[in-house]
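**Student:** starting from these lines, generate the structure:
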Amino acid sequence: MRATLPLAILLVFAAPHLAAQSPEFSAGGLIGFENGFGIQAFGTVRNLAQGLPAAIRLRLGRTGVNPGSASEARRIFINNATNGTPVSSGRTLDAGLDVVIPRGRRTQIYAGVRHSSFKGRFVYVGGNEDFDVTSSQWGLGGGIEGTFPMTRTMALVVSGGAEWFPPTSLYGHDTSYSPNGEDVNAREDFAYADADRAIGQPKLRPTIMLGLSYRFGVR
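**Tutor:** Modelled structure (predicted):
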């Protein structure tokens with residue numbers, strides 16, 4: 001009993017301060033433009049430490065993108081055939097980890113790391129050729145966003161920024177091209193610069209998103 005009394009007194013005096021620093025969680029979704037139509041889900045945690053104004057946010061998303069030139073993709077990754085009707089599509093699967101800093105009652109800035117997994121699919125109907133071109137990229141992103149409360153728990157989010165991805169290797173069929181020149185089974189005299197121009201992997205892309213955020217634990 002005597003051993004637990006000081007602990008009980010400490011908890012009584014510390015409880016208000018501990019409660020004030022309890023982490024605050026929110027989550028939501030965004031839709032908009034990122035070199036194509038994109039959709040994202042995110043989760044944010046705030047009040048990680050006393051006096052720390054920044055929040056941490058994780059984003060996961062998918063964006064439909066232009067995969068690039070179907071005729072050039074075939075020449076650079078397979079052969080010079082021209083038969084068949086080309087049908088192509090592209091997408092990226094994206095992840096981002098941001099530090100979010102308030103800059104006013106309704107405004108905050110964010111910046112962090114990005115990872116994008118690109119796939120362009122090329123089908124030549126009637127030409128008996130069907131292949132993907134893929135890449136995996138790390139990059140950086142940042143921007144500014146406004147948050148406008150709709151209810152005590154729900155808010156409208158408007159976000160704008162940019163993301164940058166440095167050059168990385170492109171893989172297609174049995175061929176790959178790398179920025180450092182270590183190509184595998186390159187066709188004719190093609191090099192990485194040719195593949196990079198032909199394929200629509202992310203480079204520098206603007207982001208304009210609109211969505212909703214929900215705060216958990218609000219009474």
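**Student:** adjacent strands (with direction) for the longest strand seen in the chain?
**Tutor:** Identified as the longest strand of the chain according to DSSP state E is strand 129-149. Sheet pairing of strand 129-149 (DSSP bridges) gives strand 107-125 (antiparallel), strand 154-164 (antiparallel), strand 170-172 (antiparallel).
**Student:** where in this protein is pLDDT low?
**Tutor:** Along the chain, segments meeting pLDDT under 70 span 1-21, 219.
**Student:** ok, which stretches of it are helices?
**Tutor:** Here the chain has its helices, by DSSP state H, at 4-20, 70-77, 192-198.
**Student:** buried set for the second one?
**Tutor:** Pointing back at helix 70-77 there. 70, 73-77 (16 or more other C-beta atoms under 10 Å). Heads up, the C-betas are built off the backbone N, CA and C, glycines and all.
**Student:** quick one: residues in contact with it.
**Tutor:** By C-beta atoms under 8 Å, 6 or more residues apart in numbering, the residues outside helix 70-77 that reach it are 67, 80-82, 86-88, 120, 122, 124, 129, 131, 133, 172-173, 175, 177, 187-188, 190, 194-195, 197-199.
**Student:** and the angle for that helix with strand 129-149?
**Tutor:** 120 degrees (axes from the mean of the first three to the mean of the last three C-alpha atoms, to 10 degrees).
**Student:** chain center to helix 70-77: distance?
**Tutor:** 27 Å (C-alpha atoms, centre = their mean, to the nearest Å).
**Student:** report the distance from stretch 162-181 to the chain centre.
**Tutor:** Relative to its chain's centre, stretch 162-181 lies at 18 Å (C-alpha atoms, centre = their mean).
**Student:** for it, how far is the first residue from the last?
**Tutor:** 28 Å (C-alpha to C-alpha, to the nearest Å).
**Student:** buried set for it?
**Tutor:** 163, 165, 167-173, 175-178.
**Student:** so what's the residue count around Gly126?
**Tutor:** A count of nearby residues for Gly126, using other C-beta atoms under 10 Å, gives 8.
**Student:** out of the contacts of helix 70-77, which are buried?
**Tutor:** Buried among the contacts of helix 70-77 by 16+ other C-beta under 10 Å: 67, 86, 88, 120, 122, 124, 129, 131, 133, 172-173, 175, 177, 187, 190, 194-195, 198-199.
**Student:** dump the residue contacts of Leu170.
**Tutor:** Contacts of Leu170 (C-beta under 8 Å, 6+ apart): 133-135, 176-177, 192, 195-196, 199, 201.
**Student:** would you mind measuring from it to Arg187?
**Tutor:** 13 Å (C-beta to C-beta, to the nearest Å).
**Student:** same thing with Val100?
**Tutor:** 45 Å.
**Student:** quick check: Ala155 touching Pro149?
**Tutor:** Yes. Look at Ala155 against Pro149 with C-beta atoms under 8 Å: they come within range, at 4.9 Å.
**Student:** more neighbours, those two?
**Tutor:** Set side by side, Ala155 and Pro149 show more neighbours around Ala155, with 19 against 13, by other C-beta under 10 Å.
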